[in-house]
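K.L.:
Based on what follows, work out the 3D shape:
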Amino acid sequence: MIRFITKKRLALLEADTAAAFERAQRATDAAALDSARYAAALAEVTERAERAEAHADEVGALLSTAMKELSAAQQELLLKGIELRRLREDLDQARANGQQVFVLVHYGTPVMVYRSREDAYADTATHGVPADHEWGPRSTFWADAEWVLTVFTYDADARGFRGTLEPLADPVRGAA
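P.N.:
The predicted structure is shown next:
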């Protein structure tokens, strides 16, 4: 088949081609603009995600540290509670009428308190009392004596301990 192309037809084809090129150029420009916006949005989202991840790592580290500190504090609180219960039991036992405590006195100044005479004798050497020191009756007052081991007895009526002016008369045997 033979087709005749006229100038008019050729002008229309050129106009259609130019319009198609123009539409293609606008579509390419729009696609490039959309692609640039997409790349910018992707970069922004990536940056936010990286910052969020860094913050999450920091928060995780802080939380881990806080959990360790909380655990240590809970353990310490538990130990303090146990110690408090033990001290309350000791206090309740000490408040039993007739309960005795033994006080090591150095020139009138109390140095240490013991639950039993044996504990006192075993520990007096650590405070500088000679191992061969004899604990006998004193003719001088506490303030004048170098070392005195005396007993205090709980008096429920007085709600406290009462001491005697007489030191313990039992000699130390095998003090540490």
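K.L.:
C-terminal to the helix or strand hosting residue 101, what's the next element?
P.N.:
Applying DSSP states H and E as the criterion places residue 101 in strand 100-106. For strand 100-106, the following helix or strand on the C-terminal side (DSSP H and E) is strand 109-114.
K.L.:
can you list contacts of that following strand?
P.N.:
Strand 109-114 is contacted by residues 101-105, 120, 123, 127 when judged by C-beta atoms under 8 Å, 6 or more residues apart in numbering. Placement of C-beta: from N, CA and C, glycine included.
K.L.:
Between strand 100-106 and whatever helix or strand residue 33 lives in, find me the angle.
P.N.:
Using DSSP H and E, residue 33 falls within helix 7-94. Orientation check (axes from the mean of the first three to the mean of the last three C-alpha atoms, to 10 degrees): helix 7-94 against strand 100-106 gives 90 degrees.
K.L.:
Please indicate which of the contacts of strand 109-114 are buried?
P.N.:
For the contacts of strand 109-114, a burial check counting by 16 or more other C-beta atoms under 10 Å picks out 101-105, 120, 123.
K.L.:
now the residues you listed as CSV including distance to residue 19?
P.N.:
What follows is these, written out as CSV (distance: C-beta to C-beta, whole Å):
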residue, distance to residue 19
101, 111
102, 115
103, 113
104, 113
105, 116
120, 114
123, 110
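K.L.:
closest to residue 35 among the residues you listed?
P.N.:
Residue 35 lies nearest to residue 123 out of those, by C-beta to C-beta, at 86.4 Å.
K.L.:
Checking my notes, that closest one in a strand, right?
P.N.:
No. Residue 123: not assigned to a strand; according to DSSP: H, G, I helix; E, B strand; the rest coil it is helix.
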